[in-house]
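[1] Sequence and predicted structure below; questions after.
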Amino acid sequence: MQWETVIGLEVHVQLATRSKIFSGASTAFGAEPNTQACAIDLGLPGVLPVLNEQAVAMAVQFGLAIHAEIPEVSVFDRKNYFYPDLPKGYQTSQMYQPIVGPGEVEISLDDGSTKRVRVHHAHLEEDAGKSLHELFSNGRGHGMTGIDLNRAGTPLLEIVSEPDMRSAKEAAAYLRAIHSIVTYLGISDGNMAEGSMRCDVNVSVRPTGQAAFGTRAEIKNVNSFRFVERAIEFEVERQVELLEDGGEVIQETRLFDPERSETRSMRTKEQANDYRYFPCPDLLPVVLDQAYVDHLRETLPELPDEKRARFQSELGLSAYDASVLSASRDMAEYFEAVKAACGDAKQAANWVQGELSGALNREGLAIADSPVSARQLGELIGRVMDDTISGKAAKQVFQALWHGEGVSADEVIEAKGLKQVTDTGAIEAMIDQVIADSPAQVAQYCDAEPEKRGKMIGYFVGQVMKASRGTANPQQVNALLKEKLDALC
């Protein structure tokens, strides 16, 4: 039997507010446990929440970016459940009237095509605390669980897709698209390692051609693009194998173990009525007038899709180059700064995607942390374009700049004596000497068929480049060598 995979994602994005969604407590990452949880976050008797207006603005900006409906009225609800990291016994969320309505996100696939994934809605909610199962700093805690409530009350935007994805790669592409949008908007840093963005993955399978969905499993809190793919691939294989053996998939919540690349059961999946949702009595409905929404629309930056289209139409980049360079805001801004410094979009694209990205990947660095600035790289490319240095020498200059051996390409070129020799007389003198020192090779060249001489000239080019210590202009060397050798034959 042929099976079809059905996937939906619930992406949790931590909003980049300085304080929590209902209190003034800090959201800064890395503080000592339980030092950033105030009375409101803990739900102590008599306290009242106050909605963070910036969180509302960020949610609306996201809705506008995905062309979603922005309801005039949204309402907060209480989601009731009991867990050690939820001191209030409920989570303030939005169930029935979320702040962002239906929208859509376009994703790019490996074959160059695109697909639109529908977003059902996005809603605001507060995060819970965190359970810690490792030993505590004082060495105690073996076999115990500690609770850190610093994250309690951190503002989240939960983005719920429709079940429109049909493969692990589509799901990862969708997650990358969401990451790109929220970081372009500046509403989240998108740091998945720190928990700023994570997702719950809903996976089911059904016989190809069947309209009804299969029973889904929800994989909780997956925190990397690669883990999303691996979790889905394992879960699909597990469900298909179970069904083909005559078993039944049960609706449950599972976790992903990255060390074993497998999902494991956590608990049976709850239904909405298990949480006993009801409107939060401590928070008024949020009412947005059109002027407020229009103002936020005017503040939107150029978004990934728009930037990708501009890179193609105005800068003449290929669809692939434009897609890669617009994928993140930091990458796009760096590329545009390089292009401004060197004046050539294609050369800038080649260096950013090639030499720079390779170095960043080897060192495990983000482009924002590149030791080579966009201005330095742009100036370096300019020196290749104006024939000051060769492409080979440019890589030496790049490495020197990477290791902090100079403040500019010109300084490194001067210090290392890499300036390209373009003086015809100087190059001719070196060529004459190489020809004089290579009578056997000259004879072989002259005896060869004309169509084979092109390959044989490489020996002479190598000798001239060696004599010039790599500084002779390769194009001039080739042209002059061919002219002189052919004249001898």
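    Structure received.
[2] what packs against the longest helix seen in the chain?
    When the chain is scanned for its longest helix (criterion: DSSP state H), the result is helix 225-244. Secondary-structure packing of helix 225-244 (3 or more Cβ pairs under 8 Å, 6 or more residues apart in numbering; DSSP states H and E): strand 3-14, helix 168-185, strand 197-207, strand 217-222, strand 252-257, strand 262-268. Placement of C-beta: from N, CA and C, glycine included.
[3] Can you pull out the low-pLDDT segments for the stretch 201-350 of the chain?
    In the predicted model of the stretch 201-350 of the chain, residues 269-270, 272 satisfy pLDDT under 70.
[4] and if we set it to 80?
    268-273 (pLDDT under 80).
[5] circling back to that earlier point, quick one: work out the angle between the longest helix of the chain and strand 217-222.
    160 degrees (axes from the mean of the first three to the mean of the last three Cα atoms, to 10 degrees).
[6] Identify the residues contacting helix 225-244?
    1, 3, 5, 7, 9, 167-169, 171-172, 175-176, 192, 199, 201, 203-205, 214, 217, 219, 222, 248-249, 254, 256, 258, 261-263 (Cβ atoms under 8 Å, 6 or more residues apart in numbering).
[7] do the same with stretch 467-481
    For stretch 467-481, contacts defined as Cβ under 8 Å, 6+ apart pick out 387, 390, 392-393, 417-422, 424, 427-428, 430-431, 433-434, 457, 460-461, 464-465.
[8] Can you flag the buried ones in these?
    390, 393, 418-421, 427-428, 430-431, 434, 457, 460-461, 464-465 (16 or more other Cβ atoms under 10 Å).
[9] Okay, helices next: where are they in the stretch 1-150 of the chain?
    39-42, 53-65 (DSSP state H, counting those that start in this stretch).
[10] oh, I was asking about the stretch 301-450 of the chain
    304-313, 319-325, 329-342, 345-351, 357-363, 374-385, 391-402, 409-416, 424-436, 439-447.
[11] Give the other helices and strands that the second one contacts.
    So that's helix 319-325. Using 3+ Cβ pairs under 8 Å, 6+ apart, helix 319-325 is in contact with helix 304-313, helix 329-342.
[12] most neighbours per residue, which of these?
    helix 329-342 (a mean of 20; mean count of other Cβ atoms under 10 Å).
[13] Kindly export that helix (C-alpha atoms) in PDB.
    Extracted in PDB, the C-alpha atoms of helix 329-342 (Å, rounded to 0.1, in the frame of the first residue of the first chain):
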ATOM      1  CA  ARG A 329      18.000  39.300   7.600                       C
ATOM      2  CA  ASP A 330      21.600  39.200   8.700                       C
ATOM      3  CA  MET A 331      22.700  37.500   5.500                       C
ATOM      4  CA  ALA A 332      20.700  39.800   3.300                       C
ATOM      5  CA  GLU A 333      22.000  42.900   5.000                       C
ATOM      6  CA  TYR A 334      25.600  41.700   4.800                       C
ATOM      7  CA  PHE A 335      25.300  40.800   1.200                       C
ATOM      8  CA  GLU A 336      23.800  44.200   0.300                       C
ATOM      9  CA  ALA A 337      26.700  46.000   2.200                       C
ATOM     10  CA  VAL A 338      29.300  43.900   0.200                       C
ATOM     11  CA  LYS A 339      27.500  44.700  -3.000                       C
ATOM     12  CA  ALA A 340      27.500  48.400  -2.200                       C
ATOM     13  CA  ALA A 341      31.300  48.300  -1.500                       C
ATOM     14  CA  CYS A 342      32.300  46.400  -4.600                       C
END
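[14] Give the other helices and strands that that helix contacts.
    helix 168-185, helix 319-325, helix 345-351, helix 374-385.
[15] Reformat these as CSV; add distance to Thr27.
    As requested, the helices and strands packed on helix 329-342 are exported to CSV (distance: least, Cβ to Cβ, whole Å):
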stretch, distance to Thr27
helix 168-185, 15
helix 319-325, 31
helix 345-351, 36
helix 374-385, 30
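[16] Which one of those has the poorest average confidence?
    Here the helices and strands packed on helix 329-342 differ in mean pLDDT, and the lowest is helix 319-325 at a mean of 92.
[17] List the buried residues of it.
    Applying 16+ other Cβ under 10 Å to helix 319-325 flags 321-325 as buried.
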